[in-house]
Each structure stands twice: as structure tokens, then as C-alpha cells.
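**Q** Can you look at this prediction? I've put the sequence above it.
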Amino acid sequence: MTSAEGILEATGGTHGRLYRAACPGCGARFELSAAALRLAIGGSRKTTFYSFTCPECGESVRKPAGERIVELLTEGGVRTLRLHSAH
């Protein structure tokens, strides 16, 4: 599976799944466990994203998450924060 959103592939079963990702800052490619990722689900595509810290350069990375990415990350046990809109 390839994604323009940055997660290149989810490998392994639901438990113990690893996610291949890339850092836009240093260009490094690596695998991350579910514990290394965070997912925020907002009220729109603009406010739904995942984030991680690059293990190579230490940069904080935030990338948009479409429906398929949200599904992959939640199935794999990534910690999820649901954002609420202010009324």
C-alpha cells in the first residue's frame, strides 16, 4: 500500500503492526510502532492528522490523515485524540 499522505505501508498483524514512514525534514525512512504515533481526528479533513517524532533528526512531524490512514492507525492501536469543535 502506498499513500501520498506519508505512511508508506503498514506491516504485520493488527497487534505488533509497524508503520513505514518518512521524515520530510531529513528524508529518512523508518518503521514506527503504534506507540510512536499519535492520531488526532477533527471535524474536517484539515483537522485530522497523525504525528510522530523522527527517530533520525528529532523533528516533530505532522501529516494529514485521510479515511484510509485513520482506519489503518486505529486498527493498529495508535493513540487517538478526538478533537471537538467550539460552538
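**A** Done, it's in. Residues are numbered from 1 along each chain as shown.
**Q** only C-alpha atoms for contact and neighbour calcs from this point on.
**A** Fine.
**Q** With adjacent residues omitted, what lies nearest to Val70?
**A** Leu39 (7.6 Å; C-alpha to C-alpha, 6 or more residues apart in numbering).
**Q** And for Thr47?
**A** Ile41 (6.7 Å).
**Q** quick revisit: is it correct that the residue nearest to Val70 is in contact with Leu83?
**A** No: Leu39 is beyond contact range of Leu83, at 10.2 Å (criterion: C-alpha atoms under 8 Å).
**Q** Neighbour count: these two, which is higher?
**A** Taking neighbours as other C-alpha atoms under 10 Å, Leu39 and Leu83 compare with Leu39 leading, 24 against 13.
**Q** Could you say which helix or strand holds that one?
**A** Using DSSP states H and E, Leu39 sits within strand 38-41.
**Q** which residues touch Glu82?
**A** Careful, residue 82 is Arg and not Glu. 40-42 (C-alpha atoms under 8 Å, 6 or more residues apart in numbering).
**Q** Report how many residues lie close to the spatially closest residue to Arg20 that is not a sequence neighbour.
**A** Using C-alpha to C-alpha, 6+ apart and skipping residues adjacent in sequence, the residue nearest Arg20 is Glu31, 4.3 Å away. As a burial measure, Glu31 scores 18 neighbours (other C-alpha under 10 Å).
**Q** again, but for Ala34
**A** 21.
**Q** gap between the nearest residue to it once chain neighbours are set aside and Tyr50?
**A** Using C-alpha to C-alpha, 6+ apart and skipping residues adjacent in sequence, the residue nearest Ala34 is Val78, 4.6 Å away. Distance of Val78 to Tyr50, computed by C-alpha to C-alpha, to the nearest Å: 9 Å.
**Q** what do you get for Ile41?
**A** 9 Å.
**Q** Next up, the contacts around the most centrally placed residue in the chain.
**A** The structure's the chain has its C-alpha centroid closest to Tyr50; by C-alpha atoms, centre = their mean the separation is 3.9 Å. Contacts here follow C-alpha under 8 Å, 6+ apart; on that basis Tyr50 touches 37-40, 62-65.
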